[in-house]
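Engineer: give the three-dimensional model of this entry:
(chains A and B)
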Amino acid sequence: MGRIDDIFSNLRAENRKALMPFLCAGHPTLEETREAILACEAAGASVIEIGIPFSDPIADGPVIAGAMHEALGHGVTPAKVFDMVHSVRGETGVGLVAMVSYSIVYRMGDGGARAFIKQACEAGFDGFIFPDVPAEESDELVSVCDESDASLSMLIAPTTGGERFKEVLSRCRGFVYLMARVGITGTATSLESDGLAERVAAIRELSDLPIACGFGISSADQVREVVRHADAAIVGSALVGRMGEAKDPAAAAERFVRELATGLA
Amino acid sequence: MSAVKQVPDARGRFGAFGGAYVPETLMAAVHQLAEEYARARKDPTFQRELDGLLESFVGRATPLYFAERLTELARERAGDKKRGAEIWLKREDLAHTGAHKINNTIGQGLLTQRMGKKRVIAETGAGQHGVATATAAAHLGLSCEVYMGAEDVRRQRLNVVRMELLGAKVIPVEGGSRTLKDATNEAMRDWMASVESTHYILGSVVGPHPFPMIVRDFQSVIGRETREQSLAMFGALPDAIVACVGGGSNAAGMFYPFVEDASVRLVGVEAGGSGNGLGQHAAPLSFGSPGVLHGSMSYVLQDEWGQTAPVHSCSAGLDYPGVGPEHSYWKDCGRVEYTSINDDEALEAFSTLAHREGIIPALESAHAIAHGLRLAASMGRGSRLVVNLSGRGDKDVDEAARLIAERCR
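Structural biologist: From the prediction side, this is the model:
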C-alpha cells in the first residue's frame, strides 16, 4: 500500500479530515517550496499537491498560471523539482502528490508516461494528478501508477455524469479529486456547495476511496463546509497568492494553513 | 502507411495523433459537440442551411483564378522553356470577411444554435478568425467574445476595429507570449467556466477531438470546389497544390478532398520566421517533434522539458507552436510534404503578388505564394499548380509597410 492510502486510512481510523494545500514548485523559489512543504505539514496538512510549472496550464487561473510562469522564468525544470522533493523526503511523512501536465510527462518519457512516473516516485512523490488527461487517454497512466504503488487522482467535474462517472472512478487510486464547481482554479470567492453532498454521496455509492474536494476554496469556513461531506479540502490559489505577496513565503504558508486547519475541527 | 480519408477514429485519432487531452470539465462539452455534429452531418436540413449561407452570405463558390503574370514570372525564373507550371489561385480572399475562416465559423455557429447555446467565444491570432466568428455571431444572433494576444491586438488593429463594429467584445490577453497560443489558453479557460451556455468556436484544425475533424470538414468546401473547378476547367486534377500551415485549417480544407488522389502533390508551407533555431520560426512540422499542446497530440515546438517554445513569424496567423493532428498524420504517412518560407521570402511574395496580379495577399497566404512560385518554376511546363490564397492582406498593410521599410534601411 502506498503512502497516500496509509495517510487516509489513519485519518479515517481517527475519524479526522485532511487538508491538502497546493504549492507551485519553484514559486517563489525551489528552496522556499521546500521550506513551505515542511511548514504546511507543521500547520496540519496531510497531503501536499506540488504543481510542476508548465508554460500553458489551461486548467489553472491567473494566480497559479502566473506563479508557474515566474518559476519557469528562473529556470525551474521537472528534474530540479525532483531533486528538491528528494532532499525533503527524508524529513517529512506528508503525502506528496505531483500535479503535472501531460505535455511534460510525454516529453520526458520520449513517448510515454513511464519515465516521468518512475523518476517522480524515486524522488519521493507518492501520487499524481494529470489535470489534462481524461479517462479516455489514461490507460498507460493507470497501469504505471499501479506498478509504482502511486496514487492517481482523476478529476470528477460537476459536468461528469452517468456512465462516465463510473468509468472515471474506476481509474482513481488513492483518492478522488472532486471539483467543487466548473471553471479554472482560483476564481470563485463564494463556494457553490449546492449539490456537493449529493455528489459526494454518489461517489460513495460506487467507491470507497477518500474524496478530496477543491477549486475555489480559500477560507476556514469553506474548508469546514467541504469536509462536512468530503474527506479532504484542497486549497490552491489562495495559498499561492499569499506566498507570492509574502516576505517570508514559508511562514505565510504556515500561518494560512494553520488558519485553514481550524476548519477541520 | 498510405494516408486515408476515414480518419479520425471514434477516439479522435489520426494514426498516432489527435485524441483529447483536456480537463475533465470539458469532456461533457466535447462529447456533446461530437454527438451534435454527428447528427447535423446526417441532417439534410442542416446541410441545406449551411450550403445556403455559404452561397448567399459568404459568396461561395470562390473562383479558381489563373494568375497569368505570376506564371510568367515563374517561367522567367525557371530560365528553361520546358519548365514553369501554370499557377492558379483559389481565391479564398474573396470570401466574405476576406479569408477562409468564415467557412468554419458559419458551420460552428449553426451547431451552436442546434445545441441551444447563446454565446460563442473564440481565439484569434491575425484576427481573421475573430472577425469571422463575430460575423457569424452577428448573423445568427449570438453574443460573442474574442480572445486575442495583446501583441496581435497591436499588429492587427484593423481587425480589432472590425470585430468591435460587428458587436463582439475583444479581450486582449497579456499572459505568456501575448500571441495566439495565449489567446487559445484564455479561450479554453473561459470555456471551462462557461461550458453550459457557451460554445467555443475553435478556429483551426487543432484542439481536442472533435474540433480537428469538424473544422477540417467545414473547410473542405475549399478542396471540393477546387476539385470540381479543376475537372471542369482543365479536365484534370491539378498536379500540385500549395497551402500555408499555421494551425493548418486552410491547408486541411484544401488537401483533404485530394488525399486519396495520389497524382496530386500536396505541399504545406510553414512559417520559417527569421531562422532555423528554436524561437526563430513557427514550423513544428519542419523542426518540431510529437507532443501534446492545447488538447491534442501532434508535432509541436517544445523545449526538452515539454514547455512550449517561443515562436516567431511576421504573420500573426502562423505564429503558433502547434499544428493540427491530421497534418502530423499526413506528414508521417508521407502524403503531404511540409516545408517552410521565411519572413523575407514571404514579404517579397506579398509585394510580388500585389504588383503582378493586383492582389494583396494576407501575410499568411504570402508564404504559400512564395513557395508556389518556387515550385512552379521547377515543374514542367504544361503542368498546373494551385495555390490556396487563404486570405486578403488589408489587415497586414501597416505591419507589412513597417517590415518592408525596416528591410530597406
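
Engineer: residue in the stretch 151-300 of chain B nearest to chain A?
Structural biologist: B:Ala193 (3.4 Å; C-beta to the nearest C-beta). The C-beta positions use only the backbone N, C-alpha and C, and glycine is treated the same way.

Engineer: run a quick neighbour tally on that residue.
Structural biologist: 16 (other C-beta atoms under 10 Å in any protein chain shown).

Engineer: which stretch of helix or strand covers it?
Structural biologist: helix B:180-194 (DSSP states H and E).

Engineer: any idea which element A:Ser87 lies in?
Structural biologist: A:Ser87 belongs to helix A:78-89, assigned by DSSP H and E.

Engineer: right, is that helix up against chain B?
Structural biologist: Yes. Judged by C-beta under 8 Å from any C-beta of the partner chain, helix A:78-89 and chain B are in contact via A:78-79.

Engineer: and that helix, what does it pack onto?
Structural biologist: When contacts are defined as 3 or more C-beta pairs under 8 Å, 6 or more residues apart in numbering or on different chains; DSSP states H and E, helix A:78-89 sits against helix A:30-43, strand A:95-99, helix A:114-123.

Engineer: nearest to B:Leu64, of those?
Structural biologist: B:Leu64 lies closest, by C-beta to C-beta, to one member of those: helix A:114-123, at 49.5 Å.

Engineer: if I look at B:Val131, how far off is A:Gly236?
Structural biologist: From B:Val131 across to A:Gly236, the span is 37 Å (C-beta to C-beta, to the nearest Å).

Engineer: ok, the two, which is more surrounded?
Structural biologist: The residue with more neighbours, out of B:Val131 and A:Gly236, is B:Val131; 31 against 27, by other C-beta under 10 Å.

Engineer: sec struct for that one, please.
Structural biologist: Under DSSP: H, G, I helix; E, B strand; the rest coil, B:Val131 falls in the helix class.

Engineer: thought it was touching B:Glu164?
Structural biologist: No. Counting by C-beta atoms under 8 Å, B:Val131 sits too far from B:Glu164 to count as a contact (10.3 Å).

Engineer: on that earlier part again, and the residue of the stretch 151-300 of chain B closest to chain A, what pLDDT?
Structural biologist: Listed pLDDT for B:Ala193 reads 87.

Engineer: now B:Pro23: closest residue in space, sequence neighbours ignored.
Structural biologist: Once flanking residues are discounted, B:Pro23 sits nearest to A:Ala59: 4.3 Å by C-beta to C-beta, 6 or more residues apart in numbering or on different chains.

Engineer: what's the end-to-end length of stretch B:242-261?
Structural biologist: Stretch B:242-261 has an end-to-end distance of 15 Å (criterion: C-alpha to C-alpha, to the nearest Å).

Engineer: what about that stretch, near chain A?
Structural biologist: No. Using C-beta under 8 Å from any C-beta, stretch B:242-261 stays clear of chain A, with a minimum separation of 14.8 Å.

Engineer: quick one: buried residues of that stretch?
Structural biologist: B:242-259 (16 or more other C-beta atoms under 10 Å in any protein chain shown).

Engineer: now it, how far from the centre of its chain.
Structural biologist: The chain centre lies 8 Å from the centre of stretch B:242-261; the measure is C-alpha atoms, centre = their mean, to the nearest Å.

Engineer: likewise for stretch A:58-76?
Structural biologist: 16 Å.

Engineer: what's it in contact with?
Structural biologist: Applying C-beta atoms under 8 Å, 6 or more residues apart in numbering or on different chains, the external contacts of stretch A:58-76 come out as A:22, A:24-30, A:51, A:53-55, A:57, A:131-132, A:183-187, A:236-237, A:240-241, A:244, B:22-23, B:25, B:175-176, B:185, B:188-189, B:192, B:294, B:307.

Engineer: now, the residues you listed that are in helices?
Structural biologist: A:30, A:237, A:240-241, A:244, B:25, B:185, B:188-189, B:192 (DSSP state H).

Engineer: of those, which pair is most distant in space?
Structural biologist: A:Leu30 and B:Thr25 (29.9 Å).

Engineer: more crowded one of these two?
Structural biologist: More crowded of A:Leu30 and B:Thr25, by other C-beta under 10 Å: B:Thr25, with 26 against 20.

Engineer: contact partners for that one?
Structural biologist: Counted by C-beta under 8 Å, 6+ apart, B:Thr25 has contacts A:59, A:155, A:157-159, A:179, A:182-183, B:192, B:195.

Engineer: that one: what's its closest spatial neighbour, skipping adjacent residues?
Structural biologist: For B:Thr25, the spatially nearest residue (C-beta to C-beta, 6+ apart) is A:Ala157, at 4.2 Å.

Engineer: correct me, but A:Phe175 touches A:Ile234?
Structural biologist: No. Applying C-beta under 8 Å, one finds A:Phe175 not in contact with A:Ile234, separated by 10.0 Å.

Engineer: now name the helix or strand holding B:Ser340.
Structural biologist: Using DSSP H and E, B:Ser340 falls in strand B:336-342.

Engineer: please tell me how far the residue in the stretch 201-350 of chain B that chain A sits nearest to sits from A:Ile104.
Structural biologist: In the stretch 201-350 of chain B, the residue that lies nearest chain A is B:Gly306 (3.2 Å; C-beta to the nearest C-beta). From B:Gly306 across to A:Ile104, the span is 4 Å (C-beta to C-beta).
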